[in-house]
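Enquirer: Provide a 3D model corresponding to the input given below.
(2 chains)
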Protein chains: 2
Amino acid sequence: MKFLKFKGFNYIDGGICAAKGFLANGIHCGIARKALSLVGENSQQSDSTDETPKKKDLALIYSKENCNTAAVYTTNKVKGAPIFVTKEHIKDGMARAVIVNSVNANTCNADGIDKAQKMCELTAKHLNINVDDVIVASTGVIGQVLPIEPIEKGMEELVKGLSDKGNKAAIEAIMTTDTMEKEIAVEFQLGDKKCVIGGMLKGSGMIHPNMATTLTFITTDVKIKTEYLQMALDDVIKATLNRVSVDGDTSTNDMVSVMASGLAGNDEIRGEDESFLQFKNALYIVLMNLGKMMARDGEGATKLIECICTGANCEKTAEIVAKSVITSSLFKAAMFGEDANWGRILCAIGYADAEFDINEVDVSISSDAGKIDVCKDGAGLDFSEDEAKKILMEEEIRIIISIGNGEDEAIAWGCDLTYDYVRINGDYRS
Amino acid sequence: MKFLKFKGFNYIDGGICAAKGFLANGIHCGIARKALSLVGENSQQSDSTDETPKKKDLALIYSKENCNTAAVYTTNKVKGAPIFVTKEHIKDGMARAVIVNSVNANTCNADGIDKAQKMCELTAKHLNINVDDVIVASTGVIGQVLPIEPIEKGMEELVKGLSDKGNKAAIEAIMTTDTMEKEIAVEFQLGDKKCVIGGMLKGSGMIHPNMATTLTFITTDVKIKTEYLQMALDDVIKATLNRVSVDGDTSTNDMVSVMASGLAGNDEIRGEDESFLQFKNALYIVLMNLGKMMARDGEGATKLIECICTGANCEKTAEIVAKSVITSSLFKAAMFGEDANWGRILCAIGYADAEFDINEVDVSISSDAGKIDVCKDGAGLDFSEDEAKKILMEEEIRIIISIGNGEDEAIAWGCDLTYDYVRINGDYRS
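Expert: All right, here's what the predicted structure looks like:
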């Protein structure tokens, strides 16, 4: 995936370890095997016969400094137990560590809260920090008891391996059906200080964020008051992760946290000044790119679809229209088939719950291979099917919609609907 | 599919021709070939080499008497041209004929209204009736000019072949990706008179009706004032077709029409009396069964999923929850995989936009092979995976949800998400 360039912002390596003060690690502690044997009564898996390398399942982020911290969470009424515990722990706006397991979501379990709290206690003990400064998150199967023993046993190794190169190990440990690592870091200036925001994200299925999304962990060395950190996150989330949809399903465990170590040495951001705007821009770049990576890596996806709606009278209208298109199953299947079936785009625009004149709608389709106009003022245009095919054979497709003369616009991201989406979700209890 | 039995109502043969006074027919007039050659610039199809039997593409329903007529239409902002023409024609509450073509939706075309009106004029001329008494509908590809010549040429044959056994030919002519004929008729008493309601429906993809749905044509010999016919239809649609979803896409051409010939000889229904309720019950049985057939025949579907939500404080809440479950892509894929992944059911209940306490939610899964409780008070229960698998191997699956102690409930119908859904919509411009 190509990263868009923005003046004054440079992409750098290191992900969540790129900002000053952050270490990370990820290990295999064995939650996978435990959880699977609980599900499959006929499962014959055992340690001795299983020779495939073990997927990492436990990740840790640690900050040398106590961090001003903000977070957003899923709007699903069913919430994973870790969400409740994390909310309680960061209500003072501070955190120093994040502990995350994959394979088991620790959701809809009677002992979920106890187990999530226990994960924090183990983490705090080994890091010698306050338990209230630990963020906890889980992802995986819903409704199976989380075995705490492997986490307990693995904690020493996990903490010992913490390093400023640990971002890759941490990502691997939080992935489930993800097929690619999704991390990014951006460098920018605040006054004369170099600042960094980095982040990682897991998420491939059950992706239709509302308020928060999937598991996303952002680290920064910017010095910023918690109140403004939260304000920036709330604003940026709306225009980034909340505009990504893979399958319309809003997960129970979605969470985004941002930890700010303050080690960049900038004058603390404590108002909506220019530095705040600069910080928000950087956060936008990080979360927008992570969101696009998530869409591109949607379960079974072969294409990233970007839908841009312009000419709206308000941003919300543009957002509703763009999201209506990228969530249409029929449109998504047509993209997989590389079929310029623009009638389905117009159909999805038509049932979007927003006010505009359908007779003013124009639609174009573009990619690196070119651009064609397929619809003008709500009616079809002649276009070359060969050219359309060439455009749709690319991996990144752009649908550009104008719905009138308004000045507002919005972008939403999604992916195609493929055989593999069905295979992944039909064959495997993920 | 099994039809549920209701006391006092008998299922009979004949579909739209079962009620007194209705004839029908369906023919191949050649819209298919015309339209395809417009799309595929490289299409090499021609009459001489094409030896497969031609799919019928033009249907006609004719009533010997002028009928009190009611209809509901799609809520999509993009509306097929036939919708506008039909609305105009039946604003006096009367109709005698329905002309329908498949293959081409006559939607988003500059000359769409003219073509739809022309279809009515041709029909009126050959039947020697008033053009204002003709209902017109189209289904197929959006945004391609409808060729009127084949319809003009075919009209004589179409009218000549009208018969009270023509229901099968008519259905075949309105089908697109449908794999089974969807028709039904119900016989019941009003006073000492035998009355009949019959109907046919096409619809397999782009199915997420709102207000109206797909193409559905209902005929009855009941004598009922147009006002009460419309009232009955509006009420019944809400609890039947509007609770079916195949893929979340609300089509541009959806329409349901009900024509009442009055030949049953009952005292005219002109109020909300017992006869009106009896008529509404019969209409419910007809539209509920057609809706279930549509879900079962959803594009690529292998299973009918019925989701019953009980214990709600109002019917709307129950409906929102039931629809949230049957529209979840993850849930639908799990059903295809015959995986009792109840976490996905709970997840979809959780993001439903309605008020209830998630800690009071119980979930059971049943079919002809048995019933298991999988979730109680929002937390998972132990259950036998073998038993669950056996239940889910059936073709009709029931998800039973209780969300509290309220007295209201609702049923929604959907289907599983399969490889074939992707194949049908990825490979074919339908």
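Enquirer: Centroid-nearest residue for chain A?
Expert: residue A:201 (4.7 Å; Cα atoms, centre = their mean).
Enquirer: what's the pLDDT at it?
Expert: With respect to pLDDT, residue A:201 has a value of 89.
Enquirer: Would you check how far apart it and chain B are?
Expert: Distance from residue A:201 to chain B, counting by Cβ to the nearest Cβ, to the nearest Å: 19 Å. Yep, even glycine has a C-beta here, placed from its N, CA and C like the rest.
Enquirer: again, but for residue A:89
Expert: 22 Å.
Enquirer: Now do the same contact list for that residue.
Expert: With contact set as Cβ atoms under 8 Å, 6 or more residues apart in numbering or on different chains, residue A:89 has these partners: A:95, A:120, A:131-136.
Enquirer: and if we set it to 6 Å?
Expert: residue A:132 (Cβ atoms under 6 Å, 6 or more residues apart in numbering or on different chains).
Enquirer: So is stretch A:140-156 next to chain B?
Expert: Yes: using Cβ under 6 Å from any Cβ of the partner chain, we find that stretch A:140-156 touches chain B at A:142-143.
Enquirer: Quick one: mean pLDDT over that stretch.
Expert: 92.
Enquirer: is it true that the residue nearest to the centre of chain A touches residue A:217?
Expert: No: if you go by Cβ atoms under 6 Å, residue A:201 and residue A:217 don't touch, sitting 7.8 Å apart.
Enquirer: Can you name the residue of the stretch 251-400 of chain A nearest chain B?
Expert: residue A:343 (2.7 Å; Cβ to the nearest Cβ).
Enquirer: pLDDT value on that residue, please?
Expert: pLDDT at residue A:343 comes out at 85.
Enquirer: Now do the helices in the stretch 101-250 of chain A.
Expert: A:112-127, A:149-160, A:167-174, A:226-239 (DSSP state H, counting those that start in this stretch).
Enquirer: average pLDDT across the third one?
Expert: Averaging pLDDT along helix A:167-174 yields 95.
Enquirer: Dump the helices of the stretch 101-250 of chain A to a markdown table, plus mean neighbour count.
Expert: Listed next are the helices of the stretch 101-250 of chain A as a markdown table, based on neighbours: other Cβ atoms under 10 Å in any protein chain shown:
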| stretch | mean neighbour count |
| --- | --- |
| helix A:112-127 | 20 |
| helix A:149-160 | 17 |
| helix A:167-174 | 24 |
| helix A:226-239 | 19 |
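Enquirer: Throw these into CSV and include distance to residue A:60, thanks.
Expert: CSV is the format used below for the helices of the stretch 101-250 of chain A (distance: least, Cβ to Cβ, whole Å):
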stretch, distance to residue A:60
helix A:112-127, 7
helix A:149-160, 5
helix A:167-174, 7
helix A:226-239, 22
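Enquirer: So in terms of bridging, what pairs with residue A:269?
Expert: residue A:224 (DSSP bridges).
Enquirer: What lies in contact with stretch A:332-345?
Expert: Residues from elsewhere that reach stretch A:332-345 (Cβ under 6 Å, 6+ apart): A:303, A:305, A:325, A:330-331, A:363, A:374-375, A:388-389, A:392-393, A:416-418, B:142-143, B:422, B:425-427, B:429.
Enquirer: So which of these belong to strands?
Expert: When strands are assigned by DSSP state E, the members of those inside them are A:305, A:363, A:374-375.
Enquirer: Put together JSON lines for those, with distance to residue B:68 and neighbour count on each row.
Expert: As requested, those are arranged in JSON lines below (distance: Cβ to Cβ, whole Å; neighbours: other Cβ atoms under 10 Å in any protein chain shown):
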{"residue": "A:305", "distance to residue B:68": "47", "neighbour count": "23"}
{"residue": "A:363", "distance to residue B:68": "41", "neighbour count": "22"}
{"residue": "A:374", "distance to residue B:68": "42", "neighbour count": "21"}
{"residue": "A:375", "distance to residue B:68": "39", "neighbour count": "23"}
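Enquirer: Show me the two of those that sit farthest apart.
Expert: By the measure Cβ to Cβ, A:305 and A:375 form the most distant pair in the ones in strands among the contacts of stretch A:332-345, at 16.9 Å.
Enquirer: got the residues of the stretch 251-400 of chain A near chain B?
Expert: A:252, A:328-330, A:333, A:336-337, A:339, A:341, A:343, A:346-347, A:350-351, A:358, A:379-380, A:385.
Enquirer: Nearest to chain B: which residue in the stretch 51-200 of chain A?
Expert: Closest point on the stretch 51-200 of chain A to chain B, by Cβ to the nearest Cβ, is residue A:142, at 2.7 Å.
Enquirer: so how many other residues sit close to that residue?
Expert: When neighbours are counted by other Cβ atoms under 10 Å in any protein chain shown, residue A:142 registers 29.
Enquirer: When you filter the residues of the stretch 251-400 of chain A next to chain B down to buried only, what's left?
Expert: A:252, A:328-330, A:333, A:336-337, A:339, A:341, A:343, A:346-347, A:350-351, A:358, A:379-380, A:385 (16 or more other Cβ atoms under 10 Å in any protein chain shown).
Enquirer: In helices only, show me these.
Expert: A:329-330, A:333, A:336, A:343, A:346-347, A:350, A:385 (DSSP state H).
Enquirer: so, if you compare those residues, which one comes nearest to residue B:157?
Expert: Distances from residue B:157 to these, taken by Cβ to Cβ, are shortest for residue A:343, at 29.7 Å.
Enquirer: Distance check, the closest one against residue A:394.
Expert: Distance, residue A:343 to residue A:394, by Cβ to Cβ, to the nearest Å: 21 Å.
Enquirer: Check which residues of the longest helix along chain A are buried.
Expert: The single longest helix within chain A, with elements called by DSSP H, is helix A:274-296. Across helix A:274-296, burial judged by 16+ other Cβ under 10 Å covers A:275-276, A:278-296.
Enquirer: Keeping just the C-alphas, turn that helix into CSV.
Expert: Taking Å, rounded to 0.1, in the frame of the first residue of the first chain, the C-alpha atoms of helix A:274-296 are listed here in CSV:
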residue,chain,number,x,y,z
GLU,A,274,-1.4,25.6,16.3
SER,A,275,0.6,22.8,18.0
PHE,A,276,-2.6,21.0,18.8
LEU,A,277,-3.7,21.2,15.2
GLN,A,278,-0.3,20.0,14.1
PHE,A,279,-0.6,17.1,16.5
LYS,A,280,-4.1,16.3,15.2
ASN,A,281,-2.8,16.3,11.7
ALA,A,282,-0.1,13.8,12.6
LEU,A,283,-2.6,11.6,14.4
TYR,A,284,-4.9,11.8,11.4
ILE,A,285,-2.0,10.6,9.1
VAL,A,286,-1.3,7.7,11.5
LEU,A,287,-4.9,6.5,12.0
MET,A,288,-5.9,7.1,8.4
ASN,A,289,-3.0,4.9,7.1
LEU,A,290,-3.7,2.2,9.7
GLY,A,291,-7.4,2.3,8.7
LYS,A,292,-6.5,1.9,5.0
MET,A,293,-4.2,-1.0,5.9
MET,A,294,-7.0,-2.6,7.8
ALA,A,295,-9.4,-2.2,4.9
ARG,A,296,-6.8,-3.6,2.4
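Enquirer: what's around the nearest residue to residue A:199 once chain neighbours are set aside, how many residues?
Expert: Once flanking residues are discounted, residue A:199 sits nearest to residue A:218: 4.0 Å by Cβ to Cβ, 6 or more residues apart in numbering or on different chains. For residue A:218, the count of nearby residues is 28 (other Cβ under 10 Å).
Enquirer: got it, and residue A:373?
Expert: Neighbour tally, residue A:373, other Cβ under 10 Å: 15.
Enquirer: what mean pLDDT does the top strand by length along chain A have?
Expert: Identified as the longest strand of chain A according to DSSP E is strand A:58-73. Strand A:58-73 shows an average pLDDT of 94 in the prediction.
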